[in-house]
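>>> just to be clear, the model below is a prediction. Sequence and coordinates:
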Amino acid sequence: MILTSLELQADPLAPDRCGSCTRCIDACPTHAFVAPGELDARLCISYLTIEKRGEIPEELRSGIGRQVFGCDICQDVCPWNRKAPVTTAPEFQTREGLVNPALNWLAEMQPEEFNQVFRGSPIRRTKRSGLRRNAVVAMGNSGDVKFLPTLQRLVEDSDPVVAEHARWALEKLQSHHKLAVTS
């Protein structure tokens, strides 16, 4: 924040280039866009997976899908971003082994490993508890029964947020598996 007595001119509003396009509104799985040009950040996957502490509301968990840290769905579908240049700056390049990392590994990551792997990374903003919670939600949304043993262990986790989300994910996977078996 800067305090000044200087008279400043407000920047002109950016032109509305969306027109009748609603791709971002239509694509958002948590319906965070409540009106054209209006985002309810409390519903945004980026907020939920990075900034939100504690429990993610149950009604939003399915919409998170397999997102573990952030979301760019609205950016990906925006036609204005098609011609945006991709950066070559080293600080924005992905770290080896961290593109689509194993959800089991993230969910069961120990504090020392979290600190070592994510030193200097924005992922530290979500904290270890948040990253583990997010991995558990992604497991529940995966439909993959290979996560059942991990989730059964995490139901007893010492972190109550991880344990509660593991209960939800376990129930979701079990009911999904039962539906698949009976169909």
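Nice, I can see it. Numbers count the residues shown, from 1 in each chain.

>>> what's the mean pLDDT across stretch 156-163?
Averaging pLDDT along stretch 156-163 yields 98.

>>> pull the CA atoms of that stretch into PDB?
Provided in PDB are the C-alpha atoms of stretch 156-163 (Å, rounded to 0.1, in the frame of the first residue of the first chain):
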ATOM      1  CA  GLU A 156      -7.300 -42.000  10.300                       C
ATOM      2  CA  ASP A 157      -4.800 -39.200   9.600                       C
ATOM      3  CA  SER A 158      -3.700 -36.900  12.400                       C
ATOM      4  CA  ASP A 159      -4.700 -33.900  10.400                       C
ATOM      5  CA  PRO A 160      -8.500 -33.600  10.800                       C
ATOM      6  CA  VAL A 161      -9.000 -31.800   7.600                       C
ATOM      7  CA  VAL A 162      -7.200 -34.400   5.600                       C
ATOM      8  CA  ALA A 163      -9.100 -37.200   7.500                       C
END
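
>>> now what about it, what contacts it?
The contact list for stretch 156-163, computed with Cβ atoms under 8 Å, 6 or more residues apart in numbering, reads 54-55, 107, 129, 132-133, 136, 154-155, 166. All C-beta spots, glycine's among them, are computed from the backbone N, C-alpha and C.

>>> I'd like those laid out as CSV, including distance to residue 72, secondary structure and neighbour count.
Converted to CSV, the contacts of stretch 156-163 look like this (distance: Cβ to Cβ, whole Å; DSSP: H, G, I helix; E, B strand; the rest coil; neighbours: other Cβ atoms under 10 Å):
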residue, distance to residue 72, secondary structure, neighbour count
54, 24, coil, 10
55, 24, coil, 13
107, 23, helix, 27
129, 23, helix, 16
132, 22, helix, 24
133, 20, helix, 31
136, 22, helix, 32
154, 27, helix, 26
155, 31, coil, 18
166, 27, helix, 28
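
>>> and the gap between residue 152 and residue 172?
Separation of residue 152 from residue 172 (Cβ to Cβ, to the nearest Å) stands at 13 Å.
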